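please find the sequence and the predicted model below.
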Amino acid sequence: MSMTLSNAAASRPTFRTTLIALALSLCAGAALADVPALTVSGNQVLVGGKPGSISGSSMYWSNTGWPGERFYNAGAVGWLKDDWKARLVRAAMGVEEPGGYIQFPAANKARVKAVVDAAIAKDMYVIIDWHSHYAFRHQNEAIAFFQEMARTYGHNKHVIYEIYNEPKDDVTWDANVKPYAQAVIAAIRAIDPDNLIIVGSPHWSQDADIASRNPITGHSNIAYTLHFYAGTHGQFLRDKAATAMNNGLALFVTEWGSVNADGNGGVNYPETNAWIDFMKKHNISNANWALDDAREGSASLVPGASATGGWANWDLTESGKQARETVRNWPSSADTGCTTATVPATIQAEAYCQMSGVQLESTGDGGGGQNVGYIDSGDWMNYTVDVPAAGLYTVSYRVASANGGGNISLERAGGSPVFGTKAVPSTGGWQTWSTISHDVQLPAGKQSIGIAAKAGGFNLNWISIAAAGSGGQIALIQAEDHASMSGVESEQTSDAGGGRNASHIDSGDWMSYTNAPVLIPESGAYTIEFRVASPGGGELSFEEAGGKPTYATVAIPATGGWQNWASVNKTVTLAAGSHAFGVYAKQGGWNLNWIKVSKGAR
């Protein structure tokens, strides 16, 4: 917020601070635990690589002698997380105003660090805000400050850099804000290559549409500030924001209020609700202004409220009650968007809870859908699993790699401990798929595990986890996804998982799966499971594609109908190496949904 607003922006002095905190740190090359990275993709700030947004509160100005300074402490931040359920806090460090950083650098920096440290400890995102109206006049000081913050906190994904709060009316984008921003961004990126940076927009951070016509180039993960106050700003400002997004800018509301732009007036509920709906619709993260007890409508707390949290309902102003309700009820499903896989389980690689660096693409592997691709060194994905008992488990990975040389680290999300590593061989192409596996010790219970690329250069379609003693799944082949066949058709299946099954199988028909080679990790006994349905029974031959060798003949029982499904299995001996399997109908009259290859005998 401004200290003195003009035109539509405000009319009297006011003091404001914005703090953002939400997250868990991520060490380079390791999988993140519970808090995803914030990354810009097109006109959105993604949460863990997926559409979503976060909400929280901004501190008031940090300036010495101002009403907000006493709230810069772990107690206040902790209460925001625990009671408000805030995922973000903003530390609004005053700069050129009296009592600010230029006059008292050590004191203001200490307040900011107290908030940042508290936010990280509470797994929150935190915005480090250069709360200035004329930041370009203090470019050297800003560079020194943000480089110190980057050296101190740049390895934590919690941290967001807001390098210019609100340019005033006499500050232009082309002549002042953009050149300043380019210099400060370059200084930060020399130390921290990837944490989110937010740049203020003209006219009190309202004219993001102006910035969208001449955006910053040459740097990634850059968002732009939008500020609004519901008592002053309505549809006209939402239209300007929409223009900026249509032009490709990602927006972040680092400051918003339910009252007038000068910090006074009562809560404008209709416009506040309209803005909340707008932010949710467009996945715009946000921080409410402000956590303080100043005698103005935008303050969340009544005068004399505790500085360290524990606020009851009567400690909150009307604006504070509205802010708390908004933050507490901000949607969180888009951030985590994943389900818990109960072991034994096959997890689709693209069903990650959080990720860094990877992309999705259509897969040519059996079963279709998507695979995770463009995996480089240091990229990672997280998954939530429930392991029934501590013990030895076989973990299998469905991989494709043109050149090999990749290395997978299976670890507790966050990077430690590492359960095991597995080299990824060359499979012959980016869509030539093989299965690799290793045995690892896993603890019992619900937990977040990470797949981290110690060396990249591979694609991943799925991960399978099963108890080693009971046979770990090596491959799951969808019967209808054959490379070639004779006489077979497909139809919709009513079996669990849906999709299609191979059907109309008569004696002498066959299916070959040279498009889905299975990499057998070591010579020995393997269980082959067939998912079948048949009114009267039949018989199949499981063999190498082309007919030789034949590994087993399997009797298919009568299951009671063409869509009454049952599993039959056979133990076979397989040699280590890559196999392309086939199925031959010695006696027809059955349907086939899938074939599963697992390590060990049953």
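Looks like it came in fine.

please parse the protein into its domains.
Listed by automatic domain parsing, the domain ranges of the chain are 38-336, 341-462, 478-599.

least reliable of these by average pLDDT, please.
Of all those, the minimum mean pLDDT falls on domain 341-462 (a mean of 87).

could you work out the end-to-end span of it for me?
13 Å (Cα to Cα, to the nearest Å).

cool, stretch 277-288 as well?
By Cα to Cα, one end of stretch 277-288 lies 15 Å from the other end.

what lies in contact with it?
Residues from elsewhere that reach stretch 277-288 (Cβ atoms under 8 Å, 6 or more residues apart in numbering): 18-20, 38, 44-45, 47, 51-58, 88-90, 127, 226, 238, 241, 245, 251-258, 300, 323, 326-327, 331, 334. Where C-beta positions appear, they are placed from N, C-alpha and C, glycine not excepted.

hmm, try it at 6 Å
Contacts to stretch 277-288, defined as Cβ atoms under 6 Å, 6 or more residues apart in numbering, come from residues 18, 20, 44-45, 51-58, 88, 90, 238, 251-254, 256, 323.

what's the helix or strand hosting residue 145 packed up against?
Element membership of residue 145, judged by DSSP states H and E, is helix 139-153. Helix 139-153 sits against helix 178-189, with contacts defined as 3 or more Cβ pairs under 6 Å, 6 or more residues apart in numbering; DSSP states H and E.

which is the next helix or strand following the helix it packs on?
Criterion used, DSSP H and E; the element after helix 178-189 is strand 197-199.

what comes into contact with the next helix or strand after that next one?
Note on strand 197-199: by DSSP H and E, the next helix or strand toward the C-terminus is helix 202-205. The contact list for helix 202-205 (Cβ under 6 Å, 6+ apart) reads 9, 166-167, 169, 173, 210, 225, 227.

in strands only, show me the residues you listed.
225, 227 (DSSP state E).

tell me the buried residues within the contacts of helix 202-205.
Buried subset of the contacts of helix 202-205 (neighbour count, 16 or more other Cβ atoms under 10 Å): 9, 166-167, 173, 210, 225, 227.

returning to what we had before: mind giving me the packing neighbours of the helix or strand following the helix holding residue 145?
Of the helices and strands lying after helix 139-153 in sequence (DSSP H and E), the nearest is strand 159-162. Judged by 3+ Cβ pairs under 6 Å, 6+ apart, strand 159-162 is in contact with strand 125-131.

still on that earlier bit, can you list the buried ones among the contacts of helix 202-205 in CSV and add distance to residue 445?
Listed next are these as CSV, based on distance: Cβ to Cβ, whole Å:
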residue, distance to residue 445
9, 53
166, 48
167, 51
173, 52
210, 52
225, 42
227, 44
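
which one of those is nearest residue 496?
Using Cβ to Cβ, residue 225 comes nearest to residue 496 of these, at 48.8 Å.

so what's the closest one up against?
Residues counted as contacts of residue 225 (Cβ under 6 Å, 6+ apart) are 198, 200-201, 205, 254.

same list (those) but as JSON lines, adding distance to residue 97 and neighbour count.
Compiled in JSON lines, the contacts of residue 225 are given as follows (distance: Cβ to Cβ, whole Å; neighbours: other Cβ atoms under 10 Å):
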{"residue": "198", "distance to residue 97": "20", "neighbour count": "30"}
{"residue": "200", "distance to residue 97": "16", "neighbour count": "29"}
{"residue": "201", "distance to residue 97": "20", "neighbour count": "28"}
{"residue": "205", "distance to residue 97": "17", "neighbour count": "28"}
{"residue": "254", "distance to residue 97": "18", "neighbour count": "30"}
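
which single one of those is nearest to residue 568?
residue 198 (59.0 Å).

is the residue lying closest to residue 331 once chain neighbours are set aside in a helix, a strand, or coil?
Distance criterion Cβ to Cβ, 6 or more residues apart in numbering; nearest residue to residue 331, sequence neighbours excluded, is residue 280 at 6.7 Å. Residue 280 falls in the helix class when you classify it by DSSP: H, G, I helix; E, B strand; the rest coil.

okay, now residue 280: neighbour count?
Residue 280 sits with 15 neighbouring residues when counted by other Cβ atoms under 10 Å.

how close does it sit to residue 159?
25 Å (Cβ to Cβ, to the nearest Å).

likewise residue 447?
Distance of residue 447 to residue 159, given as Cβ to Cβ: 26 Å.

likewise for residue 400?
In terms of Cβ to Cβ, residue 400 sits 36 Å off from residue 159.

so which of the contacts of stretch 277-288 belong to strands?
Applying DSSP E to those, the entries found in strands are 44-45, 55-58, 88, 90, 251-254, 256.

TSV for those residues, including distance to residue 215?
As requested, the ones in strands among the contacts of stretch 277-288 are exported to TSV (distance: Cβ to Cβ, whole Å):
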residue	distance to residue 215
44	15
45	15
55	25
56	26
57	29
58	25
88	24
90	23
251	12
252	14
253	18
254	18
256	23
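
of the contacts of residue 225, closest to residue 357?
When the contacts of residue 225 are compared against residue 357 (criterion: Cβ to Cβ), the nearest one is residue 198, at 21.2 Å.

next up, the contacts around residue 296.
Residue 296 makes contacts with 263-264, as judged by Cβ under 6 Å, 6+ apart.

which ones are touching residue 379?
Residues near residue 379 by Cβ under 6 Å, 6+ apart: 356-358, 453.

for burial, what's the neighbour tally of the residue nearest to it when sequence neighbours are not counted?
Spatial nearest neighbour of residue 379, chain neighbours left out: residue 357 (3.4 Å); criterion: Cβ to Cβ, 6+ apart. Residue 357: 18 surrounding residues under other Cβ under 10 Å.

same thing with residue 104?
Neighbours of residue 104 under the rule other Cβ under 10 Å: 18.

separation between it and residue 442?
Per Cβ to Cβ, residue 104 is found 52 Å from residue 442.

got it, and residue 365?
Distance, residue 365 to residue 442, by Cβ to Cβ: 26 Å.

same check on residue 248?
44 Å.

between those two, which has more neighbouring residues?
residue 442 (22 against 10).

partners of the more buried one in the sheet?
residue 391 (DSSP bridges).

that one touches residue 394, doesn't it?
No: contact between residue 442 and residue 394 fails when scored by Cβ atoms under 6 Å: they sit 10.4 Å apart.

could I get the full set of helices for the stretch 1-150 of the chain?
For the stretch 1-150 of the chain, applying DSSP state H, counting those that start in this stretch gives helices covering 74-82, 105-121, 139-153.

okay if I get the ones you listed as a markdown table plus mean neighbour count and distance to residue 418?
Converted to a markdown table, the helices of the stretch 1-150 of the chain look like this (neighbours: other Cβ atoms under 10 Å; distance: least, Cβ to Cβ, whole Å):
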| stretch | mean neighbour count | distance to residue 418 |
| --- | --- | --- |
| helix 74-82 | 21 | 29 |
| helix 105-121 | 20 | 23 |
| helix 139-153 | 18 | 25 |
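
for my notes, please list the ones you listed in JSON lines and give distance to residue 504 for each entry.
What follows is the helices of the stretch 1-150 of the chain, written out as JSON lines (distance: least, Cβ to Cβ, whole Å):
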{"stretch": "helix 74-82", "distance to residue 504": "59"}
{"stretch": "helix 105-121", "distance to residue 504": "61"}
{"stretch": "helix 139-153", "distance to residue 504": "63"}
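
and residue 420, which of these is closest to it?
helix 105-121 (29.2 Å).

that closest one to strand 125-131, inter-axis angle?
160 degrees (axes from the mean of the first three to the mean of the last three Cα atoms, to 10 degrees).

all further residue positions should be reported with the first residue as 7.
Sounds good: first residue 7 from here, last item helix 111-127.

contacting residues around helix 111-127?
25, 27, 68, 70, 78-80, 83, 95, 97, 99, 107, 132, 162, 164.

with stretch 128-145 instead?
For stretch 128-145, using Cβ under 6 Å, 6+ apart, the contacting residues are 24, 26-30, 41, 60, 84, 87, 93-102, 122, 125, 148, 155, 164, 166-172, 174, 182, 186, 189.
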